[in-house]
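Participant: just need the structure, nothing else, for what follows:
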Amino acid sequence: MIIRMRKIITPDRICDQCGKPYNRGRRPSGQLESPAEFRTRRFCKKACYQEWNHGENSHYYIDGFRHGHEGGYIRHSDGSYVHRSVMAEKLGRPLTADEHVHHIDEDTANNDPDNLELTTNSEHRAMHAATQKRNVEGRFS
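Facilitator: The predicted model follows:
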């Protein structure tokens, strides 16, 4: 008995990043990707997706701010921390590298000026060490 597979012809699509046409790709095993997978794909190759996924296109950006990185701290689209720029504006001067900004309520997304406190590195570490949990040997857990 001979089983014939019908050939599914799919029209070329245009890559959202580079603008080049592309069609169904093959997996490392050599198997052709399914038509359903192909319909959901927007880029011709992984490198195009990675290039497109920076900056404002990243799913971490919400309303011009980057969320979801490094303990919930919010960043401007240029990568600078929002809480540091809020404190600099509050003080009327830029912050030095050895100045730290502490979130009083410990909510790193709450960048209200009244919730921010300027500290040194050692003061900031001491504040967090006082509230951090320790194991039976006295080490931070």
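
Participant: from here on, just use CA atoms for contacts and neighbour counts.
Facilitator: OK.

Participant: how is this protein partitioned into domains?
Facilitator: Using automatic domain parsing, the domain parsing of the chain gives 13-53, 57-131.

Participant: let me have those domains in TSV, extended by mean neighbour count, distance to residue 138 and mean pLDDT.
Facilitator: Below are the domains of the chain laid out as TSV (neighbours: other CA atoms under 10 Å; distance: least, CA to CA, whole Å; pLDDT from 0 to 100):
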stretch	mean neighbour count	distance to residue 138	mean pLDDT
domain 13-53	13	43	88
domain 57-131	15	12	83
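
Participant: and these: which comes nearest residue 137?
Facilitator: The closest of these to residue 137 is domain 57-131. By CA to CA, the value is 15.2 Å.

Participant: over to the closest one now: how far is its first residue from its last?
Facilitator: Start-to-end span of domain 57-131 (CA to CA, to the nearest Å) is 37 Å.

Participant: is residue 97 within a helix or a strand, and which one?
Facilitator: Per DSSP states H and E: residue 97 is located in neither a helix nor a strand.

Participant: so it versus residue 121, what's the distance?
Facilitator: Computed as CA to CA, the residue 97 to residue 121 distance reads 10 Å.

Participant: go on, residue 11?
Facilitator: Counting by CA to CA - residue 11 and residue 121 are separated by 59 Å.

Participant: how about TSV for the domains of the chain, with distance to residue 137 added?
Facilitator: Formatted as TSV, these follow (distance: least, CA to CA, whole Å):
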stretch	distance to residue 137
domain 13-53	45
domain 57-131	15
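
Participant: of all the ones you listed, which one comes closest to residue 7?
Facilitator: The nearest among the domains of the chain, by CA to CA, is domain 13-53 at 11.0 Å.

Participant: ok now the closest one, how far from the chain's centre?
Facilitator: Distance of domain 13-53 from its chain centroid, counting by CA atoms, centre = their mean, to the nearest Å, is 22 Å.
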